[in-house]
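S.K.: Quick one, structure for this:
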Amino acid sequence: MARYIKRGNSWQYEISYKDDDGKYKKLRKSGFPKKIDAISAAADIESKLTKGLRVTTKDVLLSDHFEQWMNVYKKGKVSNVTFRKYENTLMNIKKYFPNDTLKSLTRTSYQAKLNSFALKHADASVERFNIQIRASLRNAVDEGVIPYDFTQRAVIKGHAPSVKEKDKFLDYQEFEELMNLASQRLDSRFASRFMLVIAGATGLRFAELLGLTWDRVDLDHGVITVNRTWDYMDTKEFAPTKNEQSNRKVPIDKKTVRIMKDFKSSQKQLFTGLGVNPKFDFVFYNAKEGLISNNAVNKKLKELLRQLKIDTPLTIHGLRHTHASVLIYKGINIMAVSKHLGHKNLAVTMETYSHAIKELEEREDEKIKLVFDDLYKDK
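M.R.: Numbering: from 1, shown residues only. You can find the predicted model right below:
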């Protein structure tokens, strides 16, 4: 039976329970703003205790728990680029939850800290921060370290994207001009221009493009198989994709297929003539320099944009954003776009491309009006 104590402006519950040794102990948790919150939490604990919840006195800092979790469950299982995002989350946990332990946090206190984080971060960053912390808590709940997941039903609301963040996209006309210019005078000696064309046509990430080999490109059926990346920042070896959903089949349009066929043929002739024999049959490979650097392809992109007098500050990752925006604007189902891009979940797609979705919603509003206009005959 739980009892409730008011301490200052908050409430605490106290539950008597029998531990694994048969001894009676007390389980306390405070920080609830209202008594009803303490009652609700205590009822949840008592229910779990009757079902065999193991209660432990062990308590650790949230930061220490997260660090151990990411090193055990994520290190070596995800790409180095992705693992750095977990390291970034750990850095922010230490900043925003410096002294918070697993047992000291409640839904309310966690939400308050999350709100502080959201003041300086966009919605997508807050969402990712919360998702990664939540994932780390599953074992803690299962092992009885904490009775419930205090991240559940957290409200995700960051600040609006900055002007710079909004400038990552080209509009349709600019994109069309860029793709036409980039696809002209392709030279198999230099793969940067060719990569920009394929990036725009497929929406692949830079690491996915860099790790692409010709055996993963089915030009007869117009499909690219994405199931690995190239770790260009650390190991300089093949690496896993960003997440499980990133393993996917990406369709290629007929014009892009023709461009790829021509480039492949020209590249093969060039490499044979020069005696170039790469260890792997990379799609984007320079005869002299080898694999393209991120800096080189962005430099070529900047050059093309300057020729077109487009002043949008765009990188090759911005081409992926533009590709997705075009699909959404052209009416492709948002769930299909999410799967096509290899996003972990639909929420990421919705947040990243909210600007394009809003434009589509406005257009669909007019279609909805027309649907119901047809209900009335001769009115």
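S.K.: pull the helix or strand with minimum mean pLDDT from the chain.
M.R.: Lowest mean confidence among the helices and strands of the chain (mean pLDDT, DSSP states H and E): helix 163-166, at a mean of 44.
S.K.: Okay, now the unreliable bits of the stretch 251-379 of the chain?
M.R.: For the stretch 251-379 of the chain, applying pLDDT under 70 flags the ranges 351, 354-363, 377-379.
S.K.: mind redoing it with 90?
M.R.: For the stretch 251-379 of the chain, the stretches with pLDDT under 90 are 276-279, 287-289, 311-313, 325-326, 328-334, 343-379.
S.K.: would you list every one of the strands in it?
M.R.: 285-286, 290-291 (DSSP state E, counting those that start in this stretch).
S.K.: The helix or strand following the least confident helix or strand of the chain packs against which elements?
M.R.: Sequence-wise, the next helix or strand downstream of helix 163-166 (DSSP states H and E) is helix 172-182. With contacts taken as 3 or more Cβ pairs under 8 Å, 6 or more residues apart in numbering; DSSP states H and E, helix 172-182 sits against helix 192-202, helix 294-307, helix 316-329. Using the backbone N, CA and C atoms, a C-beta is placed for each residue, glycine as well.
S.K.: Quick one: these as a markdown table, columns for mean neighbour count and distance to K23 too.
M.R.: Below are these laid out as a markdown table (neighbours: other Cβ atoms under 10 Å; distance: least, Cβ to Cβ, whole Å):
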| stretch | mean neighbour count | distance to K23 |
| --- | --- | --- |
| helix 192-202 | 23 | 63 |
| helix 294-307 | 16 | 60 |
| helix 316-329 | 21 | 58 |
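S.K.: one step back: relative to S16, which of the strands of the stretch 251-379 of the chain is closest?
M.R.: strand 290-291 (64.5 Å; Cβ to Cβ).
S.K.: List the neighbouring strands of the closest one plus their orientation.
M.R.: strand 285-286 (antiparallel) (DSSP bridges).
S.K.: neighbouring contacts of the partner strand?
M.R.: Applying Cβ atoms under 8 Å, 6 or more residues apart in numbering, the external contacts of strand 285-286 come out as 189-191, 267, 278, 291-292.
S.K.: Distance check, Y86 against K249.
M.R.: 28 Å (Cβ to Cβ, to the nearest Å).
S.K.: Pick out whichever of these two has more residues nearby.
M.R.: Taking neighbours as other Cβ atoms under 10 Å, Y86 and K249 compare with Y86 leading, 21 against 13.
S.K.: Nearest residue to that one in space, please, no chain neighbours.
M.R.: If the residues on either side of it in the chain are set aside, Y86 comes closest to M70, at 4.4 Å by Cβ to Cβ, 6 or more residues apart in numbering.
S.K.: correct me, but the one you found touches N88?
M.R.: No. Judged on Cβ atoms under 8 Å, M70 makes no contact with N88 at a distance of 10.8 Å.
S.K.: With neighbour numbers in mind, choose between the two.
M.R.: The neighbour count for M70 versus N88, taken as other Cβ under 10 Å, is higher for M70 (21 against 14).
S.K.: The more buried one: which element?
M.R.: helix 62-73.
S.K.: Pull out the buried residues from the helix or strand just after that helix.
M.R.: Next in sequence after helix 62-73, counting helices and strands by DSSP H and E, comes helix 80-96. By 16 or more other Cβ atoms under 10 Å, the buried positions in helix 80-96 come out as 80-83, 85-86, 89-90, 92-93, 96.
S.K.: Thanks again, I'm all set now.
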